[in-house]
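Engineer: make a model of this:
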Amino acid sequence: MDDDTPPVELTAEAARLVRRLSELHGPLMFHQSGGCCDGSAPMCYPEGEFRTGASDVRLAELRVEGVERPVGFWMSRAQYEVWRHTRLIVDVVPGRGSGFSLEAPEGVRFLIRSRLLPSGP
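Structural biologist: Modelled structure (predicted):
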């Protein structure tokens, strides 16, 4: 991945939802745990509500038009080791996500799509 390519991006639909959630809840963050079921989806929290630590990696500070502060995107270190050669694309699909993620009452859930990055030289 070149230095200009962010490791995480939002689809237009995900950016719209982040704007709405930011208006409702203030500054936001994402965490991707890599667990099973709901843990395999990116979870959106008010910034600082999910405690990160040495077992987490901050992959990006997502800048979203209309959102004052960048949205941090964190991933568990173990999951990062598996996905580090992919570009992560945060999207939104209909359905009920985790009750802990802020989008749950909206009738949609965040979802990760990925694209394998080209190998180095």
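Engineer: and the strands in this structure?
Structural biologist: Secondary structure of the chain (DSSP state E): strands at 8-10, 28-32, 43-46, 56-62, 71-76, 86-94, 108-116.
Engineer: longest helix of the chain?
Structural biologist: Ordering each helix of the chain by length in residues (DSSP state H) puts helix 12-25 first.
Engineer: elements contacting that one?
Structural biologist: Helix 12-25 is packed against strand 28-32, strand 43-46, strand 86-94, strand 108-116, with contacts defined by 3 or more Cβ pairs under 8 Å, 6 or more residues apart in numbering; DSSP states H and E. No exception for glycine: its C-beta is placed from N, CA and C like everyone else's.
Engineer: got the buried residues for that helix?
Structural biologist: By neighbour count with 16 or more other Cβ atoms under 10 Å, helix 12-25 contains the buried residues Ala14, Ala15, Leu17, Val18, Leu21, Ser22.
Engineer: using PDB, list the CA coordinates for that helix.
Structural biologist: Once non-C-alpha atoms are left out, helix 12-25 reads as follows in PDB (Å, rounded to 0.1, in the frame of the first residue of the first chain):
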ATOM      1  CA  ALA A  12     -20.900   7.100   0.800                       C
ATOM      2  CA  GLU A  13     -23.700   5.400   2.700                       C
ATOM      3  CA  ALA A  14     -21.500   4.700   5.700                       C
ATOM      4  CA  ALA A  15     -20.300   8.300   5.700                       C
ATOM      5  CA  ARG A  16     -24.000   9.500   5.700                       C
ATOM      6  CA  LEU A  17     -24.700   7.200   8.700                       C
ATOM      7  CA  VAL A  18     -21.600   8.400  10.500                       C
ATOM      8  CA  ARG A  19     -22.700  12.000  10.000                       C
ATOM      9  CA  ARG A  20     -26.200  11.200  11.500                       C
ATOM     10  CA  LEU A  21     -24.700   9.300  14.400                       C
ATOM     11  CA  SER A  22     -22.200  12.100  15.100                       C
ATOM     12  CA  GLU A  23     -25.100  14.600  15.200                       C
ATOM     13  CA  LEU A  24     -26.900  12.300  17.800                       C
ATOM     14  CA  HIS A  25     -23.900  11.100  19.900                       C
END
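Engineer: that concludes my questions; thank you for your assistance.
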